[in-house]
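Engineer: let's see this in three dimensions:
(chains A and B)
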There are 2 protein chains.
Amino acid sequence: MQNKYQNTNVKELLQKAPIDININIKGWVRTKRSSKGGFSFIELNDGSNINNIQIIADKKLDNYQDEIEHLRAGCCISVQGLSVKSQGKNQNIEIHAHKIQILGTVQDDYPISKGRISLETLRTMPHLRPRTNTIGAVMRLRSHLSHAIHNFFNQRDFCYLNTPIITASDCEGAGEMFGVTTNDKNDFFKQPAQLTVSGQLEAEAFALSLGKVYTFGPTFRAENSHTSRHLSEFWMVEPEVAFNNIDDNMQLAEDFLKSIIKSALTHCQDDMNFFDMRIEKGIINKLENICQSDFIRLSYTDAIDILTKSNKKFEYPLNWGCDLKSEHERYLCEEYFNAPVILTNYPATIKPFYMYCNDDGKTVRGMDVLVPGIGEIIGGSERETRVDIITKRMEQSGIDLHAYQWYLDLRRHGSATHAGFGLGFERLVQFVSGMSNIRDVIPYPRTPGHL
Amino acid sequence: MQNKYQNTNVKELLQKAPIDININIKGWVRTKRSSKGGFSFIELNDGSNINNIQIIADKKLDNYQDEIEHLRAGCCISVQGLSVKSQGKNQNIEIHAHKIQILGTVQDDYPISKGRISLETLRTMPHLRPRTNTIGAVMRLRSHLSHAIHNFFNQRDFCYLNTPIITASDCEGAGEMFGVTTNDKNDFFKQPAQLTVSGQLEAEAFALSLGKVYTFGPTFRAENSHTSRHLSEFWMVEPEVAFNNIDDNMQLAEDFLKSIIKSALTHCQDDMNFFDMRIEKGIINKLENICQSDFIRLSYTDAIDILTKSNKKFEYPLNWGCDLKSEHERYLCEEYFNAPVILTNYPATIKPFYMYCNDDGKTVRGMDVLVPGIGEIIGGSERETRVDIITKRMEQSGIDLHAYQWYLDLRRHGSATHAGFGLGFERLVQFVSGMSNIRDVIPYPRTPGHL
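Structural biologist: Okay, the predicted model is just below:
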């Protein structure tokens, strides 16, 4: 037995299971029960892992009666003790405490108890909810997915780009935007300022100089939507690649999704097992299937064909030119193909001005990636590069050409085929965790009426 | 000689220098000159590297007279050709073109010519300026530094956290904030909403559940500052760690800075050589010294002592309790120590409410990391954990306690020593690149009067 106590954390202890070592670990009590024999069993968590480490405290410890016996969920403690092979079924290691120091107690009104609290109730206390198993696991998964995204693009030599948050442009020519003001109304920016809805147009400028770029930042919608799928503030990933056409774009989206899902399955095993057990049964299997399947590529026209020929009764009517609803998208990827589907070549009338017009004059090179359970998770396109055509499309969309001369410049000087897409990051976290409400996959959700 | 043309990029070509291979490369013409012998020499750049690849076009090419001879800076081309060992001094490889296809020409009003354009002029065309050597190099460095930051924390098991952009809290109890509104003034969030100035307080909540967290996102200041060091919108990195005290915090900051600077020196050699040659002579040497030196740790009180005993004439008077000015900070790290300095234990009166009060009742466990040439690059502290003391400090600062009950909760339930700091990301990019104006190190700078 050594004399010095090594600092460690729960994740490391459970992974490496070092036996007969003096360790020091700090964390929060999840549960505590006392046996009649004069022992207390403490489940300790420090946020590094969904699982806890068991601490066994003997009544001979100095502060056993005064402090240890009074410990309850949420208390913060520092433990010095010996790591011992565990006899329990669910763990391979436990700590026999030599000393337990109380760092922080909890008051009587502490709302996170041992009993399960509804996710809805937890939303009223965003500062405390990461102390629960579910939200803790979601936040670790979210962090890992972020990292996997940065790695995917970095390995492919993409340049990470921070497009502006405060902007004068409205990418889609529509959409409800938040205004940005200063209190003394001094017209800080000398023109109306809004919060961005997308960094795509700015990213196009950088793709046409740096080649391969991507953004990953917050975007905003001032829509009065009260659904489990909408946030007023959410994070988006937007790659944009010079010389890529719509086919390259579809391949990139497929490779991208598979790569980051695989990464989560590999590196977040404990949290994924928790989701599979508690949140969505079979989710690991579902995700593994997606990583192994070829994404179906289907034109909008063929999709309409399949949908009209199906015997399925849809709520919304179908005709060539209509926007597909969630029920249609889900039928395609969940029932008809049972695989992710990339729809492409949409009618120009239902897509934004910047998508490349096909020679038929009716369709554009847009694409939506649909996945089972979620529907659209990625939207993108090959971009229109021809000045005359995009100018006409912008005029038709009611866009102020004067404000977009810079965007037209990109078509006038050194233009090239380019394409990109956007991924709603919270939708991805929902998809990989199985969480049904988007408000539970972002630390501090912003929705109408809620700050 | 093979028949198929392999797609590649400039970075890969220059690094691997594969000889006698048929390659296809796409990019933008930087310069073109024609020799009397009937050849054109094209310097091609595709954004993957600061350096260009030289293309040699023979007059025998079909479109030599009609197109190739008319190429000029900014034109976008696709080249198929053979890679050949170069005879030139500055390059090891060049391409003998079999075919050159024009993808995009430039109009006569194209503003980026071969001649040097001032950085100030370039600021008027943020969509085109990444096509220049300087801004291209800055943006690649910026991207790499971002990635190095994520890697540093990921390797140490930190959880990446997206704190909210739209917020009702004002972290510092002061500071000019941007308001967020909707056009129909429908009171979207049912309370006044602002753009965040810091994610620290929200990160503290997650540190006290997940252990080690960091944020990396945009923050905002509605200050009417027109300097080369201030932006209205900038990115901040904010780690926050449970169980860390002020000493751990200083060590983390030192390790962090050294690690990401080393990473840039290792992975951005071509761009760093450019900065050393064109932007700040000797910068590589300066950065290498910083990676090798131990950061000086000095109390505020000792700093005042050194400064008052120096024979230096300062513009601003010095006395214990005053805020240190840039001239004082720079004297300490540039003249007195000639090394980075971490100042700590500041007077409570000049620091925010959340810093831990020392037993002397006068000083708090704040810290500022000062580096030569920039001054303060990191600010942080060990956080106050005692409910009674922090409540008093908040009252003294005029903070609405009612709105901060959640923050006090963190001290009431399962509290622990914790510490963190903030790094202004653009200041870091300035420091590592040597760029003197902060507007040149962010893609689309936002400053008073400029969107």
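Engineer: now the element after the lowest-mean-pLDDT helix or strand in chain A, going C-ward?
Structural biologist: Ranked by mean pLDDT, DSSP states H and E, the helix or strand of chain A with the weakest confidence is strand A:179-181, at a mean of 88. Once the chain leaves strand A:179-181, the next helix or strand it forms, by DSSP states H and E, is strand A:193-195.
Engineer: which elements pack onto that following strand?
Structural biologist: strand A:166-167, strand A:179-181 (3 or more CB pairs under 8 Å, 6 or more residues apart in numbering or on different chains; DSSP states H and E). In short, each C-beta sits where N, CA and C put it, glycine included.
Engineer: which parts of chain A belong to which domain?
Structural biologist: Under the assignment automatic domain parsing, the domains of chain A span A:6-113, A:129-440.
Engineer: specify the local secondary structure of residue A:209.
Structural biologist: Counting by DSSP: H, G, I helix; E, B strand; the rest coil, the backbone at residue A:209 sits in helix.
Engineer: residue contacts, it?
Structural biologist: Residues near residue A:209 by CB atoms under 8 Å, 6 or more residues apart in numbering or on different chains: B:28, B:47, B:128, B:130, B:131, B:136.
Engineer: then residue A:205?
Structural biologist: A:406, A:407, A:410, B:126, B:127, B:128, B:130.
Engineer: count the residues that sit near the first one.
Structural biologist: As a burial measure, the neighbour count of residue A:406 was computed by other CB atoms under 10 Å in any protein chain shown and equals 15.
Engineer: doesn't it lie inside a strand?
Structural biologist: No: under three-state DSSP, residue A:406 sits outside any strand and is assigned helix.
Engineer: just checking, residue A:379 touches residue A:355?
Structural biologist: No: if you go by CB atoms under 8 Å, residue A:379 and residue A:355 don't touch, sitting 10.2 Å apart.
Engineer: which of the two has more residues huddled nearby?
Structural biologist: residue A:355 (24 against 17).
Engineer: so how far is chain B from that one?
Structural biologist: 19 Å (CB to the nearest CB, to the nearest Å).
Engineer: just residue A:277 next, same as before
Structural biologist: On the measure of CB to the nearest CB, residue A:277 and chain B end up 21 Å apart.
Engineer: in TSV: the helices and strands packed on strand A:193-195, plus distance to residue B:420.
Structural biologist: Formatted as TSV, the helices and strands packed on strand A:193-195 follow (distance: least, CB to CB, whole Å):
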stretch	distance to residue B:420
strand A:166-167	26
strand A:179-181	28
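Engineer: please identify the deepest-packed of those strands.
Structural biologist: Mean neighbours per residue, mean count of other CB atoms under 10 Å in any protein chain shown, is largest over those for strand A:166-167, with a mean of 22.
Engineer: pull the number of nearby residues for residue A:234.
Structural biologist: What residue A:234 shows, counting by other CB under 10 Å, is a neighbour count of 20.
Engineer: ok, now residue A:407?
Structural biologist: Residue A:407 - counted by other CB under 10 Å - has 20 other residues nearby.
Engineer: could you check which residue of the stretch 351-451 of chain A lies nearest chain B?
Structural biologist: residue A:415 (3.4 Å; CB to the nearest CB).
Engineer: shouldn't that residue be within a helix?
Structural biologist: No: Residue A:415 is assigned coil when assessed by three-state DSSP, not a helix.
Engineer: quick check: the residue lying closest to it once chain neighbours are set aside vs residue A:208, distance?
Structural biologist: Excluding the flanking residues, the one nearest residue A:415 by CB to CB, 6 or more residues apart in numbering or on different chains is residue B:104, at 3.4 Å. Applying CB to CB, to the nearest Å, the value for residue B:104 to residue A:208 is 9 Å.
Engineer: give me the more crowded residue out of these two.
Structural biologist: Each of residue B:104 and residue A:208 had its neighbours counted (other CB under 10 Å), and the higher figure belongs to residue A:208 (30 against 19).
Engineer: contacting residues around the more buried one?
Structural biologist: Residue A:208 is in contact with A:242, A:410, A:414, A:415, A:416, A:418, B:76, counting by CB under 8 Å, 6+ apart.
Engineer: and which of the residues you listed is nearest residue B:181?
Structural biologist: Distance to residue B:181 across these (CB to CB) is lowest for residue A:410, with 31.4 Å.
Engineer: that closest one and residue B:340, how far apart?
Structural biologist: Residue A:410 is 42 Å from residue B:340, by CB to CB.
Engineer: and residue A:113, by the same measure?
Structural biologist: From residue A:113 across to residue B:340, the span is 47 Å (CB to CB).
Engineer: the two: which has the busier surroundings?
Structural biologist: More neighbours surround residue B:340 than the other of residue A:113 and residue B:340, with 24 against 11 (other CB under 10 Å).
Engineer: I'd say the more buried one and residue B:333 touch.
Structural biologist: Yes: using CB under 8 Å, residue B:340 makes contact with residue B:333 at a distance of 6.1 Å.
Engineer: overlap in contacts of the two?
Structural biologist: In contact with both residue B:340 and residue B:333: B:296, B:370, B:371, B:372, using CB under 8 Å, 6+ apart.
Engineer: so which of those residues is the most crowded?
Structural biologist: That'd be residue B:370 among the shared contacts of residue B:340 and residue B:333, by other CB under 10 Å, with 27 neighbours.
Engineer: give the contact list for it.
Structural biologist: B:329, B:330, B:332, B:333, B:340, B:341, B:342, B:343, B:376, B:377.
Engineer: how many neighbouring residues does the residue nearest to residue A:153 when sequence neighbours are not counted have?
Structural biologist: Excluding its sequence neighbours, the residue lying closest to residue A:153 (CB to CB, 6+ apart) is residue A:214, at 4.9 Å. Close neighbours of residue A:214, defined as other CB under 10 Å, add up to 28.
Engineer: hmm, who's touching the helix or strand harbouring residue A:254?
Structural biologist: Taking DSSP H and E as the definition, residue A:254 sits inside helix A:246-267. Contacts with helix A:246-267, where a contact means CB under 8 Å, 6+ apart, come from A:141, A:144-145, A:148-149, A:151-152, A:239, A:241, A:244, A:272, A:284, A:287-288, A:290-291, A:295, A:297, A:340, A:342, A:344, A:356, A:365, A:367, A:369, A:371, A:377-378, A:380-382, A:419-421, A:423, A:428, A:432.
Engineer: how close does residue A:296 get to chain B?
Structural biologist: Residue A:296 is 26 Å from chain B, by CB to the nearest CB.
Engineer: can you tell me how far that residue sits from residue A:336?
Structural biologist: 9 Å.
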